[in-house]
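S.K.: Let me see the structure of the following:
(2 chains)
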Protein chains: 2
Amino acid sequence: MKVLVTGALGVNGVWVCRRLVDEGHTVIALDRSDDSSVLGSAKDRVELIKANVTDYETVGKIVKDVAPDRIVHFAAILHSGCVASPVQAMHVNVNGTLSVLEAARAQSIPRVVYASSLGVYDAFTGRFGYPQYEPVTEDYPRGPMPGIEVYGASKLLCEALGTRYHKADGIQFVALRFAHILTPGRSGRQTGSAPDATIIDPALRGNVVDVSGGDESADFIYVKDLAHAVVCAVEAPGDPSGAYNIGSGSLATLRDIADAVCQIVPAADITVGPGLNFLGLEGTYARFAIEKARASLQFEPQYDLREAVADYVVETRADLVGGRAK
Amino acid sequence: MKVLVTGALGVNGVWVCRRLVDEGHTVIALDRSDDSSVLGSAKDRVELIKANVTDYETVGKIVKDVAPDRIVHFAAILHSGCVASPVQAMHVNVNGTLSVLEAARAQSIPRVVYASSLGVYDAFTGRFGYPQYEPVTEDYPRGPMPGIEVYGASKLLCEALGTRYHKADGIQFVALRFAHILTPGRSGRQTGSAPDATIIDPALRGNVVDVSGGDESADFIYVKDLAHAVVCAVEAPGDPSGAYNIGSGSLATLRDIADAVCQIVPAADITVGPGLNFLGLEGTYARFAIEKARASLQFEPQYDLREAVADYVVETRADLVGGRAK
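M.R.: Take a look at the predicted model:
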């Protein structure tokens, strides 16, 4: 299929493009940047269009010219940006989504796949938080998630907007609510306290790592499984419109991540102290129930934590050799 | 105090302007319309500025020139408009709110009072719906409300944005979550199935009224109590930032409304049949707990249902005499 991917050069978008290409799809990457080097091995197999997703006219013209079978909409500003520059961030997160939906409507594009987030949920507390972590299904109370309210609320609004275009204009709208993500290549591109940036990357660079929060568990999805979920949403037959949790379906602690790193890199010097809330985002720790995505999108995670970390290390070293990683 | 009111000529905004003026405040009304006749008796006591609330530059200039003590932000597109024209509606609901918040930040306006809605909540079900209607407090799970998702999500997002400006820039942000509203003058200006338009107005025009849904109860706030709540939020000492339910705190059925109309207009011919969900918006019926507004804003509803309907009739007849009502 022909797939237009927005935010295609983002830290997760690049893995989506790679996977789509590997699966034989024709990928047209839309991004405000034109540094296609971040696409790595997919660089020469993806058509890149530099454009601002908030520009209704330009997006409309691109979608008309490209006439994709699917639009995968990843362009978004993360919470830190939402707090720092709310006007610009809402322009991207809300108007950017509307420009995609409007273009899809105008050109009768059959399906839009939307990158949503655990941020649409209310805090995972009580039996859904430490230490029980009962699986969170898609009907868990919506938020926005405390601590990332603006980001989460923008995702909630866009899910509602997508549903409106589904009902009113017949565009299939699939929202993928991602759990915490492990992404090779995040360091140097995004700030934050994700364990890829705070544990794995520094350890691979030979730094001493000493972090706390080792008692908390979370559902970490490896970005290649995230990309796999996008492919599933792109390819799913019928009308899979709706919202889906996309996680690993299992739990891991920072200690588990550290152990996995030490298995691959025995010299790694990682100390994980006790405590909770290693991200500084209380209430975001949960195990995602992924049965809905399994049943309706035929999504099945392909990496357990050890496999994910092992692959992460391979990808990061490949990047280091290639000179891309910071 | 000097109060800038956006959406000032809207069906609820006009009553806010009137009440603010009556309480001795200086009101600067901002609206995209310049038909100040809808302000009725307050017409000559309000300064009207015709402007588009989504225009950052213009709003910034107005706020700088006016230098208000408070901004009361009512400009918004209702759910029907959100569904019909999502791009335009989100421009007003999201960018319009951001332009107000940005102007408040730039000019260090101490407080913004925001017109929020029951739409920010999830459906009122179980013991919070028919027939128990246990009071809904502000920590009830957030939505957006099914059936009005886009509108509700835009209100949720704006509450999150306001909270961001409160935390980051020190602007006090008071969100008033209104229950179902009874507003004289709605007919002919808004479509919808609110009982003022479906029962009271037709009965006052001498029409035979035959509606169903008489078994459902709801918390109806009379628009003069809504305006009173805004005045309370404008005048409250200290920093009352936060979200507040604004309702009557009690329940009424369509039958109660019909009875109240018949007390004033004995000739009214109103039949209220059985059933639920008279608005066609399942899950929106609840009793609002208003203790938080009572405690922190010194808000106390001044009209019970009979008094509200009686006053409604007086206001509508005054308007009919004045030739404004359709």
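S.K.: packing partners for the longest helix that chain A contains?
M.R.: Using DSSP state H to define each element, chain A has its longest helix at helix A:149-169. Counting by 3 or more Cβ pairs under 8 Å, 6 or more residues apart in numbering or on different chains; DSSP states H and E, the packing neighbours recorded for helix A:149-169 are helix A:79-84, helix A:86-90, helix A:96-106, strand A:111-117, strand A:172-178, helix B:79-84, helix B:86-90, helix B:149-169. For the C-beta atoms, the positions are set from N, CA and C on the backbone; glycine is no exception.
S.K.: Quick check: the most far-flung residue of chain A relative to its centre vs A:P195, distance?
M.R.: Within chain A, A:A267 marks the point farthest from the mean C-alpha position, 30.5 Å out by Cα atoms, centre = their mean. For A:A267, the distance to A:P195 equals 19 Å [Cβ to Cβ, to the nearest Å].
S.K.: Could you list the paired strands of the helix or strand where A:I221 lies along with their orientation?
M.R.: Using DSSP states H and E, A:I221 falls within strand A:220-222. Counting by DSSP bridges, the strands paired with strand A:220-222 are strand A:180-182 (parallel).
S.K.: chain center to the partner strand, what's the gap?
M.R.: Computed by Cα atoms, centre = their mean, to the nearest Å, the chain-centroid distance of strand A:180-182 equals 7 Å.
S.K.: I'd like the average pLDDT over the helix or strand following it.
M.R.: Per DSSP H and E, the first helix or strand lying C-terminal to strand A:180-182 is helix A:195. For helix A:195, mean pLDDT is 92.
S.K.: Downstream of helix A:195, the next helix or strand is which one?
M.R.: Counting by DSSP H and E, the next helix or strand C-terminal to helix A:195 is helix A:201-204.
S.K.: Next, the residues that contact stretch A:287-302 from outside, please.
M.R.: Residues from elsewhere that reach stretch A:287-302, judged by Cβ atoms under 8 Å, 6 or more residues apart in numbering or on different chains: A:118, A:133-138, A:174, A:176-177, A:179, A:217, A:219, A:221-222, A:224-225, A:228-229, A:232-233, A:236, A:240, A:242, A:244-251.
S.K.: Give me the helices and strands touching the lowest-mean-pLDDT helix or strand in chain A, please.
M.R.: Of all helical and strand segments in chain A, the minimum by mean pLDDT, DSSP states H and E falls on helix A:305-322, at a mean of 86. On a contact count with 3+ Cβ pairs under 8 Å, 6+ apart, helix A:305-322 meets strand A:180-182, helix A:201-204, strand A:220-222, helix A:223-235, helix A:254-264.
S.K.: mind running it again at 6 Å?
M.R.: Applying 3 or more Cβ pairs under 6 Å, 6 or more residues apart in numbering or on different chains; DSSP states H and E, one finds that helix A:305-322 contacts helix A:254-264.
S.K.: what angle separates the helix it packs on from helix A:305-322?
M.R.: Following axes from the mean of the first three to the mean of the last three Cα atoms, to 10 degrees, one obtains 60 degrees for the angle between helix A:254-264 and helix A:305-322.
S.K.: List the buried residues for helix A:254-264?
M.R.: Residues A:254-261, A:264 are the ones in helix A:254-264 that count as buried (16 or more other Cβ atoms under 10 Å in any protein chain shown).
S.K.: With pLDDT and distance to chain B as extra columns, can I get those in JSON lines?
M.R.: Listed next are the buried residues of helix A:254-264 as JSON lines, based on pLDDT from 0 to 100; distance: Cβ to the nearest Cβ, whole Å:
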{"residue": "A:L254", "pLDDT": "95", "distance to chain B": "28"}
{"residue": "A:R255", "pLDDT": "96", "distance to chain B": "33"}
{"residue": "A:D256", "pLDDT": "97", "distance to chain B": "32"}
{"residue": "A:I257", "pLDDT": "96", "distance to chain B": "31"}
{"residue": "A:A258", "pLDDT": "96", "distance to chain B": "34"}
{"residue": "A:D259", "pLDDT": "97", "distance to chain B": "37"}
{"residue": "A:A260", "pLDDT": "97", "distance to chain B": "36"}
{"residue": "A:V261", "pLDDT": "97", "distance to chain B": "36"}
{"residue": "A:I264", "pLDDT": "94", "distance to chain B": "40"}
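S.K.: any idea of the mean pLDDT for whichever helix or strand A:A295 is part of?
M.R.: Secondary structure assignment for A:A295, by DSSP H and E: helix A:291-297. The predicted model assigns helix A:291-297 a mean pLDDT of 98.
S.K.: tell me which residues of it are tucked away?
M.R.: Residues A:292-293, A:296-297 are the ones in helix A:291-297 that count as buried (16+ other Cβ under 10 Å).
S.K.: re the thing from before, can you tell me what sits against the longest helix of chain A?
M.R.: A:79, A:82, A:93-94, A:97, A:101, A:105, A:114, A:116-117, A:119-120, A:143-145, A:171, A:173, A:175, A:241, B:83, B:86, B:144, B:149-150, B:153-154, B:156-157, B:160-161, B:164 (Cβ atoms under 6 Å, 6 or more residues apart in numbering or on different chains).
S.K.: so that helix versus strand A:111-117, what angle?
M.R.: Put simply, helix A:149-169 runs at 160 degrees to strand A:111-117, going by the same axes, to 10 degrees.
S.K.: Next, the buried residues of helix A:149-169.
M.R.: For helix A:149-169, a neighbour-count test (16+ other Cβ under 10 Å) marks A:149-166 as buried.
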